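Novice: I need the structure of the sequence given here:
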Amino acid sequence: FLMIRRPPRSTPKPSSAASDVYKRHAVILVAITIASFSVWLISDSPKMVIVVTDFESHLDGIDARHDIIRNAVDESLLEMIDGNITPEELISIAEISSSQINSQIIELVESEAPEEWQSSYLNYLESLRSSNSYIREVMALANLQTSDPTNDEFINILQKIEKLQSESKEYAKFSYQYRP
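Specialist: Model prediction:
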């Protein structure tokens with residue numbers, strides 16, 4: 001009579017061990033994100049509603065994501081100017097970035113900030129709008145690169161880009177200053 005010994009149940013199969021680690025990391029990341037921003041999504045038929053309970057953390061999160069988006073566009077613009085990416089690649093990056101900025105604008109508008117947070121939120125909305133204008137100018141510059149631009153056209157758009165970047169940063173500073 002032959003007895004086949006099975007491994008103990010606490011020993012995971014080698015093929016599923018990595019999968020379990022990734023699943024645990026994903027669960028931990030989701031829990032940390034939810035806890036740190038205190039934002040819950042409450043389903044209301046087909047529409048989702050964002051409920052914000054910690055407005056300071058909410059703005060900090062928006063600001064952190066906005067910085068990441070801005071830096072990605074800035075770096076990609078320099079990469080295109082240096083010839084490391086094509087204008088088409090920059091346009092693709094800019095379109096995605098603009099979509100992300102639009103999502104942040106919607107998130108701020110729908111968060112229903114109380115009166116004491118209104119000035120801070122409105123200034124950050126203006127910061128995001130300036131960023132979107134900046135991104136549109138980056139796309140215009142990329143489109144100009146595909147044709148034969150004159151030096152004046154190129155410099156004119158670069159100046160607009162710098163102005164809009166500065167404007168966006170100023171509104172973000174105002175937003176921080178107007179926090180209760």
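Novice: tally of neighbours for the residue nearest to Ile85 when sequence neighbours are not counted?
Specialist: Spatially, and ignoring its direct neighbours in sequence, Ile85 is nearest to Glu79 (4.6 Å; CB to CB, 6 or more residues apart in numbering). Any C-beta I mention is one placed from the backbone N, CA and C, and that applies to glycine too. Glu79 sits with 15 neighbouring residues when counted by other CB atoms under 10 Å.
Novice: now Glu79: phi and psi?
Specialist: Dihedral angles of Glu79 (phi, psi; degrees, to the nearest 10) stand at phi -60, psi -40.
Novice: which residues touch the closest residue to Trp117 other than its chain neighbours?
Specialist: Spatial nearest neighbour of Trp117, chain neighbours left out: Phe55 (4.7 Å); criterion: CB to CB, 6+ apart. Phe55 makes contact with Ser111, Ala113, Pro114, Trp117, Ser120, Tyr121 under the criterion CB atoms under 8 Å, 6 or more residues apart in numbering.
Novice: which of the residues you listed fall within helices?
Specialist: The members of these that map onto helices under DSSP state H are Ser120, Tyr121.
Novice: filter the contacts of Phe55 to the buried ones?
Specialist: Ser111, Ala113, Trp117, Ser120, Tyr121 (16 or more other CB atoms under 10 Å).
Novice: how about these, which pair is most distant?
Specialist: Using CB to CB, the two most remote members of these are Ser111 and Ser120, lying 11.5 Å apart.
Novice: where exactly do the helices run in the protein?
Specialist: For the chain, the helices defined by DSSP H occupy 14-37, 55-81, 87-110, 118-146, 151-177.
Novice: which one of the ones you listed has the lowest average pLDDT?
Specialist: Comparing mean pLDDT across the helices of the chain, the weakest is helix 14-37, with a mean of 52.
Novice: list the contacts for the closest residue to Arg129 other than its chain neighbours?
Specialist: Residue nearest to Arg129 in three dimensions, not counting chain neighbours: Ile105, with 7.1 Å by CB to CB, 6+ apart. Contacts for Ile105 were tallied using CB under 8 Å, 6+ apart; they are Leu125, Leu128, Arg129, Asn132.
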